[in-house]
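Engineer: Provide a 3D model corresponding to the input given below.
(2 chains)
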Amino acid sequence: MSSPSAKLGWKDIPMGGVSWKLSDESKTGDWRGELKPVLDNEKCTACLFCWIYCPDAAILWDGEKVTIKYDYCKGCGICEKECPFDAIAMKKE
Amino acid sequence: MSVTQKVEGLNGDEAVAYAVKQCNVDLVAAYPITPQTIIVEKLSEYVSNGEVDLEFVTVESEHSAMSACIGAAAVGGRIFTATASAGLALMHEMNYVAASHRLPIVMAVCNRALSGPINIHVDHSDSMGERDSSWLQIFSENPQEVYDNMIQAYRIAEDSSVQLPCMVLLDGFVVSHTMQDVAVLSDEVVNEFVGRRKLPFINIMGKSVPYKLDVENPLTMGPLALYDYYFEHKRQQEEAMKNAKDVIVKMNDEFARLTGRKIGDGLIQPHRMEDADMALICLGSTAGTTRTVVNELRRKGVRVGLVKVRSFRPFPAREIIDAVKGVKAVGVLDRSGAYGAVGGPLFNEIRSTLYDCDERPFVVDYIYGLGGRDMHPTLIKEVYDDLERIVKSGTVKQTLKFVGVR
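Structural biologist: Predicted coordinates:
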């Protein structure tokens, strides 16, 4: 029977229900509501509280500065709440 | 030529424990429950005496027992557990997880009635509740078959084309607590026959890795799969079940070359089926009693036969069709009810199977032995008499009957 989409068939996926690709291929940022976190780099001290507290992979740290990856951000606002320097504000999309 | 064997007096439970001791098992996680208790007692005795090198995990419930088995099998171990009745029911959720994770755990199930009323004796209601869980189900007639089935179970479950968990079933008390001469193999011979568990390889992210939880080759077991992929994973399990049929037949032959013992073709064991007009089909210890009745009736010239189903999952449909060819009336002995259904679980399989016969025989369900009610030879004879009446009259008034109930 043909598959309704281009997804892989049962003969082509590994057994046991294991993942065969990384979860970051699923861009879940489109679940976000009307608010998104916006970072003020002037106020940011790179304490990385936001990086630790973010329940997803939306805070990136490249060794120099923090950026927000909206592909994974669901707008929960935890980073804004936890930032000790008020460097993150939830703003309308 | 078969290898040298010695004879031990073992009951079914002891036969299970004896086989486990010889099968290079890495871990046992089990919770004692009647009538399986002797298995757990015997194994812990082996462990504390230093007779076997395995990890024995005492758990607080059967749900935990199966969970521990899943974890240990996921890191590559060869695993054993045992349960019965309510214990198996408590495992139900995790049984599906073990099977869908494709972990070849072997579990002895001492068939016992499910409550209520609460009862400790044999019927098949417990394991029938797991028949669609994607576990292989191999029934045993007596302690010798228990021992033989246990040893073959690891080879069948761990075959690269199968990779499914396997239940070895033995009737509570009737087999589990009944002592019999059991021909056992030496530790070395069993060691060589079962070897060590070989892990299959799977392809993830362009790399072929052993299927186990391993920090060198990380992988995720048990992630979410919704309407996009769940169906494909379940379809794979059906294929594995199909493959298991050939492996069961192959193991039965290989084991026969080693020991001289063979159970039919591995899937079913027909008895006096050539030229039979009436046949009974059953599971487990009742096959032994029925065989005696068949021999007695044959001596009187009555053309009766028996088909013992050894492998209930996978179900040997083609083999059963061939075995009952020419039979006029088939009686199915079901040791569990299916309340509100057309008949018991074995009957439903058999009747559905026989729809594909060129000449369909009459098929009648005889529910018997619930809660350990004895299936006396006279009752089996009555069933054959009933089948004879059906053949003579050419009609079936009732397809669901109860044998030995007041």
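Engineer: any idea which helix is longest in chain B?
Structural biologist: Criterion DSSP state H: the longest helix present in chain B is helix B:230-259.
Engineer: export the next helix or strand after that helix as CSV, just CAs?
Structural biologist: Later in the chain than helix B:230-259, the nearest helix or strand by DSSP states H and E is strand B:268-271. Taking C-alpha atoms only, strand B:268-271 is exported to CSV below (Å, rounded to 0.1, in the frame of the first residue of the first chain):
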residue,chain,number,x,y,z
ILE,B,268,1.8,-28.0,16.2
GLN,B,269,2.0,-31.7,17.3
PRO,B,270,-0.7,-33.8,15.6
HIS,B,271,-1.5,-37.3,17.0
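Engineer: which residues of chain A fall in strands?
Structural biologist: Using DSSP state E, the strands of chain A run over A:35-39, A:59-61, A:66-68, A:88-92.
Engineer: Break chain B down into its domains, please.
Structural biologist: Here the domain parsing of chain B from automatic domain parsing is B:6-200+B:212-216+B:224-259, B:268-403.
Engineer: Just tell me which of these ends up closest to chain A.
Structural biologist: With C-beta to the nearest C-beta as the criterion, chain A lies closest to domain B:6-200+B:212-216+B:224-259 of the domains of chain B, at 4.1 Å. Backbone N, C-alpha and C define where each C-beta goes, glycine included.
Engineer: gap between that closest one and the chain center?
Structural biologist: 9 Å (C-alpha atoms, centre = their mean, to the nearest Å).
Engineer: For B:E145, grab phi and psi.
Structural biologist: phi -70, psi -30 (degrees, to the nearest 10).
Engineer: Model confidence score at it, please.
Structural biologist: On pLDDT, B:E145 comes in at 98.
Engineer: what does chain B put close to chain A?
Structural biologist: Counting by C-beta under 8 Å from any C-beta of the partner chain, the residues of chain B lying close to chain A are B:100-103, B:163, B:200, B:202-205, B:211, B:219-223, B:225, B:228-229, B:231-233, B:235-236, B:239-240.
Engineer: What pLDDT does the model give B:I350?
Structural biologist: 98.
Engineer: Quick one: low-confidence residue ranges for the chain.
Structural biologist: Picked chain A for this. Chain A contains residues with pLDDT under 70 at A:1-5.
Engineer: ah, no, chain B please
Structural biologist: B:1.
Engineer: hang on, B:G371 packs against B:S125?
Structural biologist: No: look at B:G371 against B:S125 with C-beta atoms under 8 Å: they stay out of range, at 9.0 Å.
Engineer: Checking the spatially most central residue of chain B next. Helix, strand or coil?
Structural biologist: Centroid-nearest residue in chain B: B:I138, 2.2 Å away (criterion: C-alpha atoms, centre = their mean). Here B:I138 is strand, with the state taken from DSSP: H, G, I helix; E, B strand; the rest coil.
Engineer: Now B:Q5. Nearest residue, chain neighbours left out?
Structural biologist: Take B:Q5 and drop its neighbours on the chain: the residue closest to it by C-beta to C-beta, 6 or more residues apart in numbering or on different chains is B:A183, 4.3 Å away.
Engineer: Next up, the contacts around the one you found.
Structural biologist: By C-beta atoms under 8 Å, 6 or more residues apart in numbering or on different chains, the contact list for B:A183 reads B:Q5, B:K6, B:V7, B:Q144, B:T259, B:R261.
Engineer: Same check on B:V342?
Structural biologist: Taking C-beta under 8 Å, 6+ apart as the test, what B:V342 contacts is B:N348, B:R351, B:T399, B:L400.
Engineer: Over to B:A113?
Structural biologist: Contacts of B:A113 (C-beta under 8 Å, 6+ apart): B:S85, B:N119, B:I120, B:H121, B:V122, B:D123, B:S125, B:D126, B:L370, B:G371, B:G372.
Engineer: Do I have it right that the fifth one meets B:V109?
Structural biologist: No: with contact defined as C-beta under 8 Å, B:V122 and B:V109 do not form a contacting pair (11.1 Å).
Engineer: Looking at those two, which is more packed in?
Structural biologist: A direct count of neighbours by other C-beta atoms under 10 Å in any protein chain shown for B:V122 and B:V109 places B:V122 higher, at 32 against 26.
Engineer: What ranges does chain A have for its helices?
Structural biologist: Going by DSSP H, chain A shows helices at A:49-53, A:78-82.
Engineer: what does chain A put close to chain B?
Structural biologist: Going by C-beta under 8 Å from any C-beta, the residues of chain A near chain B are A:7-10, A:13-22.
Engineer: Could you find the closest non-adjacent residue to residue 85?
Structural biologist: Since no chain was named, I'll use chain A. That would be A:K43: by C-beta to C-beta, 6+ apart, it lies 5.1 Å from A:F85.
Engineer: wait, chain B
Structural biologist: B:R112 (3.8 Å).
Engineer: tell me the contacts of the residue nearest the centre of chain A?
Structural biologist: Residue closest to the average C-alpha location in chain A (C-alpha atoms, centre = their mean): A:Y72, at 2.5 Å. For A:Y72, the contacting residues are A:D24, A:K27, A:T28, A:G29, A:D56, A:A57, A:A58, by C-beta under 8 Å, 6+ apart.
Engineer: now the closest residue to A:C79 other than its chain neighbours: how far from chain B?
Structural biologist: Once flanking residues are discounted, A:C79 sits nearest to A:C50: 3.9 Å by C-beta to C-beta, 6+ apart. From A:C50 across to chain B, the span is 26 Å (C-beta to the nearest C-beta, to the nearest Å).
Engineer: hang on, isn't A:C50 packed against A:P84?
Structural biologist: No: counting by C-beta under 8 Å, A:P84 is not a contact partner of A:C50; they are 10.0 Å apart.
Engineer: residues near B:P35, how many?
Structural biologist: 26.
Engineer: can you check the one 10 residues further on too?
Structural biologist: The local packing of B:E45 (other C-beta under 10 Å) involves 12 other residues.
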